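Chemist: pasting the structure only:
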């Protein structure tokens with residue numbers, strides 16, 4: 001029986017009958033020494049009573065859903081009559097919250113065969129950071145194992161999770177262009193920022209900075225993609241910012257792998273396991289290069305000279 005007791009560990013009542021009211025519940029983990037990344041990503045359309053549910057595992061050997069180590073995203077699955085804090089989806093994802101906004105058990109069993117099994121625990125290492133009243137981000141430590149195509153792989157590394165709830169249409173320019181970057185070296189050292197290109201570069205709209213055990217919201221920051229590969233995917237990313245305590249921070253990231261995919265019809269993203277130098281401390285996390293569908297089409301075609 002789940003011990004969850006926080007409303008943001010559960011489904012939120014939709015505030016309207018908008019068919020595009022959406023909830024997400026994303027967990028991402030890594031095995032940095034193998035340049036291996038994984039994520040579980042359900043996408044709930046609550047008013048439609050259906051969801052998408054995805055599981056991805058990738059390393060540097062592939063960067064598209066058809067050539068990575070594992071990629072399955074099922075759409076139009078029924079949302080079970082279960083609380084989000086203890087839910088099993090038809091694609092094989094099972095989430096269980098064991099301490100409110102702190103501890104979670106995550107499992108996944110390949111519904112079509114035996115290619116992937118996940119058994120992990122997530123333990124938060126900092127408070128959730130809220131963007132308004134409908135989104136949160138939180139770093140944590142993953143422990144456990146995955147079995148990938150018959151090979152058992154231990155997992156013990158820092159990763160991330162986020163949650164969002166509210167209307168999320170799939171038409172128009174949507175996200176435009178943005179970034180989602182984070183790193184964690186330990187419970188007291190790391191950063192996160194969401195950036196948007198508002199016409200003057202990728203400016204932070206949300207984030208936190210941890211140093212010497214002291215947590216603070218980000219006051220301002222800039223994300224710069226310093227180098228891209230032949231596909232246009234980021235190779236090196238720079239973050240420069242200041243937190244609300246007045247402390248500046250610099251993070252230089254080297255992207256170790258890529259997966260390029262539509263997480264939903266109007267969010268195209270290139271997710272990369274990233275080795276960061278955060279003020280002289282080496283830590284791991286990710287960088288996400290985010291685009292609306294039309295924005296991605298324009299940018300990557302132009303990068304390729306098409």
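Modeler: Perfect, I can see it now. The shown structure was predicted, so the numbers you read here are calculated from the model rather than taken from an experiment.
Chemist: hey, let's count contacts and neighbours off CA atoms from now on
Modeler: Fine.
Chemist: helix, strand or coil for the spatially closest residue to residue 10 that is not a sequence neighbour?
Modeler: Excluding its sequence neighbours, the residue lying closest to residue 10 (CA to CA, 6 or more residues apart in numbering) is residue 84, at 4.8 Å. When the structure is split into helix, strand and coil by DSSP: H, G, I helix; E, B strand; the rest coil, residue 84 lands in coil.
Chemist: Could I get the contacting residues of residue 84?
Modeler: For residue 84, the residues meeting the contact criterion (CA atoms under 8 Å, 6 or more residues apart in numbering) are 9, 10, 11, 95, 96.
Chemist: what do you get for residue 241?
Modeler: By CA under 8 Å, 6+ apart, the contact set of residue 241 is 218, 219, 220, 221, 222, 248, 249, 250.
Chemist: now for these, which pair is the farthest apart?
Modeler: Within the contacts of residue 241, two members stand farthest from each other by CA to CA: 219 and 250, at 13.7 Å.
Chemist: Of the contacts of residue 241, which is the most crowded?
Modeler: Of all these, the most densely surrounded is residue 218 (26 neighbours; neighbours counted as other CA atoms under 10 Å).
Chemist: Please look at that residue and residue 210 and confirm they touch.
Modeler: No - contact status for residue 218 versus residue 210: not in contact, 9.7 Å apart, counting by CA atoms under 8 Å.
Chemist: what residues are shared contacts of these two?
Modeler: Counting by CA under 8 Å, 6+ apart, residue 218 and residue 210 have no contacts in common.
Chemist: ok, residue 240 - how many residues close by?
Modeler: Per other CA under 10 Å, the neighbour tally for residue 240 reads 16.
Chemist: check contacts around it.
Modeler: Residue 240 makes contact with 221, 222, 223, 248, 249, 250, 251 under the criterion CA under 8 Å, 6+ apart.
Chemist: before we move on, what about residue 73?
Modeler: Neighbours of residue 73 in contact, by CA under 8 Å, 6+ apart: 52, 53, 54, 55.
Chemist: Kindly recompute the last result at 6 Å.
Modeler: 53, 54 (CA atoms under 6 Å, 6 or more residues apart in numbering).
Chemist: Likewise for the one 5 residues further on?
Modeler: Contact criterion CA under 6 Å, 6+ apart gives residue 50 as the residues in contact with residue 78.
Chemist: Kindly state the beta-bridge partners for it.
Modeler: Beta-bridge partners of residue 78, counted by DSSP bridges, are residue 50.
Chemist: Start from the N-terminal end of the stretch 151-300 of the chain and give the helices.
Modeler: Assigned helices in the stretch 151-300 of the chain, in chain order: 293-303 (criterion: DSSP state H, counting those that start in this stretch).
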